[in-house]
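J.: when you get a sec, could you give me coordinates for this:
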Amino acid sequence: MKTSYFAKSKKTEGAVSIAIGTPWWAQMPKYVELAPSWEMVQDLKAEGNIELYTERFYDQILGKLSAEKVYIDLEHAILLCWEKYDKFCHRRLVAQWIKSELGIFVPEIDYVGEDELYANI
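T.: Have a look, this model is predicted:
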């Protein structure tokens, strides 16, 4: 499992969208169980409250899932959403959740530093 964003990895084999909306050109499987709701996305854009978004994402999305099942389902996938690697995004919340639940580091494609990946979360 790795993470990236649509613009960088649109033609990457193994790419899976975990976003609520996927670009029209992105012909790839979707794993909607990891997608935030439109309401969550709109509230984040309107308010910019990352802490509230994170809390809601854990409560409403990740809290209802098994990290082990998600990892088994997506072990060889590249999880994609919209934000560039240096911006706050839910795919890195998923990566952090996998690490905290299973002890497995989920890297961002073409990015080496683990500490900085979590700095924007």
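J.: the longest helix belonging to the chain - contacts with which helices or strands?
T.: Ranked by number of residues, the top helix in the chain under DSSP state H is helix 90-102. Other elements packing on helix 90-102 under the criterion 3 or more C-beta pairs under 8 Å, 6 or more residues apart in numbering; DSSP states H and E are strand 2-5, helix 50-60, helix 67-74, strand 78-81, helix 114-119. (Each C-beta comes from the backbone N, C-alpha and C, glycine too.)
J.: any idea of the mean pLDDT in it?
T.: Mean per-residue pLDDT for helix 90-102: 95.
J.: returning to what we had before: tell me which of the helices and strands packed on helix 90-102 sits nearest to residue 20.
T.: Among the helices and strands packed on helix 90-102, the nearest to residue 20 by C-beta to C-beta is strand 78-81 (8.9 Å).
J.: in the chain, which residue is closest to the centre?
T.: In the chain, the centroid-proximal residue (C-alpha atoms, centre = their mean) is residue 91; its distance is 1.3 Å.
J.: contacts only, for it.
T.: Applying C-beta atoms under 8 Å, 6 or more residues apart in numbering, we find residue 91 in contact with 3, 5, 18, 79, 80, 81, 83.
J.: where in this protein is pLDDT low?
T.: By pLDDT under 70, the low-scoring segments of the chain are 9-11, 112-121.
J.: any idea which of the helices and strands packed on helix 90-102 is most buried?
T.: Greatest average neighbour count among those goes to strand 78-81 (a mean of 25), per mean count of other C-beta atoms under 10 Å.
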